[in-house]
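predicted model and sequence follow; I will ask about them next.
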Amino acid sequence: MDRFNAIDIEAFFSLNGEHQVLKVPASTFLGVAVTGKRQRFVALGSRLKGVPEVLTLGVKANFVDYSEEERKLIFEAALILYPTANYAQFFTTLGKPFFPSLETCLYADEKIKQTTLFSMLSVPHPRTRIYFHLHHQDILGDFSFPFVAKLPRASARGRGVYKIENPEQLQAYLRLTRVAYIQEYLPHDRDLRVILINYEPILSYWRYRDPANFRSNLHQGGTPQFLDIPVEALSLARKTALRCRFNDVGLDLMLCKGKWHVIEANMEYGREGLRMKGMNLKQILREKLLSGELIPSSDMQSDVVSAWQPVSVA
């Protein structure tokens, strides 16, 4: 059955104090066609703010701070969007369908947890070690200059990422954090950003670094290039997203000495590359939402299970 030609479902929203009735295409819920039911899309995080079919309530520190009407909307919603780490675990316990996945929410801005997960899943990843304060003196016994040091949290868009080339730089970094995240330095002139929604790449592009900067982020002067994207890199990105259950993510990959490495997962990925290609993220997500693609299905769970095998790519 064509999901867009199926019977419409009524969705009720309270926008700016006014109740509006919107027509939404029929979709599937856990693999079963939804017909004749009221389908409400409620978001907590702001990723879809402004999308007409989505009512964004915001993320409140206390659930009781939501009004009685808002709590009712949350509990009756066919799908909750962007619950963030604040609420994703609770909705999992309640059995409420939401997007993105629990793992996408929990591993956001968590470099240490990502590295541990990559290690457990045999995802190719640069050699990385974590050092708590009492073990900072062990760093130079394990790594030779140069190496990369990152803030375990709050290091986005290239901020909080340092190339350490001497003891003075290391001490300056250690003054910023009690938990040191140390990673081998991979010589490179570019890396690859792959954006995946529901485990499918929607955009991939090279990021060439500025010769004066070891970081290739566009916010750090990197230059994008959208041609000649290796198929094996896209395959690694998709398998990694599936195995980690990251279904809204920007993965950074790097090729060094003939081997691909997954550097990190970015859940709050930048949109500059999308804009350069004339792509609107909210519109892409809206289309996938209304087609039913973002609602969890048994078919997608099968894809996740089938991805459970080593993902190393030479």
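It's in.

can you name the residues bridging to residue 148?
With DSSP bridges as the criterion, residue 148 is bridged to residue 163, residue 183.

residue 70 versus that one, what's the distance?
44 Å (CB to CB, to the nearest Å). Placement of C-beta: from N, CA and C, glycine included.

what's the answer for residue 252, then?
Relative to residue 70, and taking CB to CB, residue 252 is found at 37 Å.

between residue 148 and residue 70, who's got more neighbours?
residue 148 (20 against 17; other CB atoms under 10 Å).

hmm, residue 138 is touching residue 130, no?
No - with contact defined as CB atoms under 8 Å, residue 138 does not count as touching residue 130 (10.9 Å).

now residue 42: phi and psi?
phi -120, psi 130 (degrees, to the nearest 10).

surely it touches residue 87?
No - here residue 42 does not reach residue 87: they are 11.3 Å apart, not a contact under CB under 8 Å.

identify the contacts common to those two.
The contact sets of residue 42 and residue 87 overlap at residue 80 (CB atoms under 8 Å, 6 or more residues apart in numbering).

residue 168 and residue 225: what is the separation?
The separation that residue 168 has from residue 225, given CB to CB, amounts to 35 Å.

and those two? Which one has more around it.
Set residue 168 next to residue 225 and count neighbours by other CB under 10 Å: residue 225 wins out with 13 against 9.

list the residues that contact the more buried one.
190, 205, 206, 207, 208.

what bridges to residue 197?
residue 200, residue 248.

count the neighbours of it for me.
20.

hang on, it packs against residue 246?
No - contact between residue 197 and residue 246 fails when scored by CB under 8 Å: they sit 10.3 Å apart.

over to the closest residue to residue 131 other than its chain neighbours: give its phi and psi.
Leaving aside its sequence neighbours, residue 131 sits nearest to residue 180 (CB to CB, 6 or more residues apart in numbering; 4.2 Å). The phi and psi values for residue 180, taken as degrees, to the nearest 10, are phi -90, psi 130.

quick one: residue 180 from residue 215, how far?
19 Å.

what about these two, which has more around it?
Between residue 180 and residue 215, residue 180 has the larger neighbour count (other CB under 10 Å), namely 22 against 19.

tell me which stretches of the stretch 201-314 of the chain form helices.
231-244, 272-276, 281-290, 298-306 (DSSP state H, counting those that start in this stretch).

return the most buried member of those helices.
helix 231-244 (a mean of 20; mean count of other CB atoms under 10 Å).

list the helices and strands that one packs on?
helix 111-120, strand 190-197, strand 200-208, strand 248-256, strand 259-266, helix 298-306 (3 or more CB pairs under 8 Å, 6 or more residues apart in numbering; DSSP states H and E).

do me a favour and average the pLDDT over it.
The average pLDDT within helix 231-244 is 98.

try stretch 269-284
In the prediction, stretch 269-284 has an average pLDDT of 95.

between the two ends of that stretch, how far is it?
Its start and end residues considered, stretch 269-284 measures 15 Å (CA to CA, to the nearest Å).

again, but for stretch 73-80
Stretch 73-80 end-to-end distance (CA to CA) = 10 Å.

what are the buried residues along it?
Within stretch 73-80, the residues scored as buried using 16 or more other CB atoms under 10 Å are 73, 74, 77, 78, 79, 80.

take these and keep only those in strands.
Applying DSSP state E to the buried residues of stretch 73-80, the entries found in strands are 79, 80.

export the buried residues of stretch 73-80 as TSV, with columns for pLDDT and distance to residue 294.
Below are the buried residues of stretch 73-80 laid out as TSV (pLDDT from 0 to 100; distance: CB to CB, whole Å):
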residue	pLDDT	distance to residue 294
73	96	18
74	96	17
77	92	13
78	89	11
79	94	7
80	97	11
